[in-house]
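Trainee: Sequence and predicted structure are below.
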Amino acid sequence: MTHEHNDGLAAEYVLGTLEGDGRRRFAEALARDPELQALVEEWQHRLQGLEPGSSEVEPSAGLWDKINAALDGAAASLPNSVTLRGDEGEWETLAEGVEKKLLYFDTAARSESYLLRIAPGTLLPSHDHSSAEECLVMEGTFDIGDIHLAAGDFHAIDAGTTHPDAFSEHGAVIYVRGELREATG
């Protein structure tokens, strides 16, 4: 999972808003993952002044104006939605020549949407799918086995299917929607 997703889970864990199986799975991963441990420590440090009984802090001048402006902007957007601009988000290296930019994750549906950026000459090895996955080539070309996909082409694979090796000769950017992969240690 991406750093942004793990950071959000760490915040929820520290605040006590991560509940049920999600909290249990996070705690199990936390016991084995130094990166998650560091994120939890960062959130504990950030929030330490908010504990009951801690001394009160006077907000900076203009803070309420900034909050109200942000709320006004949020009210103008579509509720229960996410907008991510093209220059926003982080590219995470998954393997040599393969980067992922998380766009959205839906824990209730156990799915995520992301972009894959594949460098020219990159081979993605064959892999199994435990759930359905959809992809749309946005830029470049991408071959999945003997299926050649170019910009604008769509491909979907059912759960329980194995993808053959995939290759991008000239590089590609692909939109993918599929199974949410939980943070693991």
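Mentor: Thanks, I have it.
Trainee: Quick check: end-to-end length of stretch 138-149?
Mentor: Chord length of stretch 138-149, first to last residue, is 10 Å (Cα to Cα, to the nearest Å).
Trainee: how's this protein carved up into domains?
Mentor: For the chain, automatic domain parsing gives the domain ranges 3-76, 92-179.
Trainee: Could you single out the most deeply buried of those domains?
Mentor: Using mean count of other Cβ atoms under 10 Å, the stretch among the domains of the chain with the largest mean neighbour count is domain 92-179, at a mean of 15. Quick note: C-beta positions are derived from backbone N, CA and C, even for glycine.
Trainee: Could you pull up the mean pLDDT of that domain?
Mentor: Across domain 92-179, the average pLDDT comes to 90.
Trainee: remind me, longest strand of the protein?
Mentor: strand 133-144 (DSSP state E).
Trainee: for the helix or strand following that strand, packing partners?
Mentor: On the C-terminal side of strand 133-144, the nearest following helix or strand under DSSP states H and E is strand 147-150. For strand 147-150, the packing partners by 3 or more Cβ pairs under 8 Å, 6 or more residues apart in numbering; DSSP states H and E come out as strand 133-144.
Trainee: and if we set it to 10 Å?
Mentor: strand 133-144, strand 166-168, strand 172-179 (3 or more Cβ pairs under 10 Å, 6 or more residues apart in numbering; DSSP states H and E).
Trainee: Listing partners with orientation, what would you give for the next helix or strand after that strand?
Mentor: As assigned by DSSP H and E, the chain's next helix or strand after strand 147-150 is strand 154-157. Note on strand 154-157: by DSSP bridges, its sheet partners are strand 133-144 (antiparallel).
Trainee: Just want the angle from the partner strand to strand 172-179.
Mentor: Strand 133-144 runs at 140 degrees relative to strand 172-179, counting by axes from the mean of the first three to the mean of the last three Cα atoms, to 10 degrees.
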